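**Q** Could you work out the structure for the sequence below:
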Amino acid sequence: VWNGTKSAFSFSFYTIFIAAGFVAACYVIWSLIQTFVLPSGDVQLFNHSAEIVKRNPECQRLIGPRMRFHGESAGTNRWTRNRPVVSRRVTDQFGNDHILMRYCVEGDFGEGIVQLDMTKKSGNDKFDYRYLHVHIGG
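**A** Numbers count the residues shown, from 1 in each chain. As a prediction, the model looks like this:
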């Protein structure tokens, strides 16, 4: 009886352990796909908005033709400057999804802060720009 109970417990424990590992692996893979591959992922939205800023002639005139984009600055050290871009996803009282993002841009002539708000109406599956601001010092 003891050996049967022991082997049943071991089998149950290892089955639960393997199932939990499988669920965790699926969650990590889904998070990576959602962040880097899907068009509504933060990386894709950051790249698209950075291209819009790069192509804008007024931004090229004020910041410079060679622009570098990075997360919020915490100092002049290169390692603290290269932080990931922070974004927030919220839902307003009307059921619309919003993506709020803020990051820095530097160029040969100046630097600035880019802020954007993208909305997705309920029932729609595409985000549209509500605003895309570039605040340049001076």
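**Q** Which residue comes closest to the most centrally placed residue in the chain once chain neighbours are left out?
**A** Geometric centre of the chain, nearest residue: D42, 2.9 Å, by CA atoms, centre = their mean. Computed as CB to CB, 6 or more residues apart in numbering, the closest residue to D42 that is not its neighbour in sequence is S87, at 4.9 Å. Any C-beta I mention is one placed from the backbone N, CA and C, and that applies to glycine too.
**Q** Could you give the bridge partners of the one you found?
**A** M101 (DSSP bridges).
**Q** In contact with the residue lying closest to R102 once chain neighbours are set aside, which residues?
**A** Nearest residue to R102, sequence neighbours excluded (CB to CB, 6+ apart): Q115, at 5.1 Å. For Q115, the contact set (CB atoms under 8 Å, 6 or more residues apart in numbering) comprises L100, M101, R102, Y131, L132, H133, H135.
**Q** And the second one, what's its pLDDT?
**A** The one in question is M101. Note for M101: predicted pLDDT of 93.
**Q** you'd agree it is up against V43?
**A** No: counting by CB atoms under 8 Å, M101 stays clear of V43, with 11.0 Å between them.
**Q** For F109, what is the enclosing helix or strand?
**A** According to DSSP states H and E, F109 maps onto no helix or strand at all.
**Q** Same question for the one 5 residues further on.
**A** For V114, the element it lies in under DSSP H and E is strand 111-120.
**Q** Check which helices and strands the longest helix along the chain sits against.
**A** Counting residues, the longest helix found in the chain (DSSP state H) is helix 2-36. In terms of contacts (3 or more CB pairs under 8 Å, 6 or more residues apart in numbering; DSSP states H and E), helix 2-36 is packed against helix 42-55.
**Q** now the helix it packs on against strand 111-120, angle please.
**A** 130 degrees (axes from the mean of the first three to the mean of the last three CA atoms, to 10 degrees).
**Q** How far off centre is helix 42-55?
**A** Centre-to-centre, helix 42-55 and its host chain are 12 Å apart (CA atoms, centre = their mean, to the nearest Å).
**Q** Show me which positions of that helix end up buried.
**A** D42, L45, F46, S49, A50, V53, K54 (16 or more other CB atoms under 10 Å).
**Q** repeat for stretch 61-75
**A** For stretch 61-75, by 16+ other CB under 10 Å, it's L62, I63, G64, M67, F69, G71, S73.
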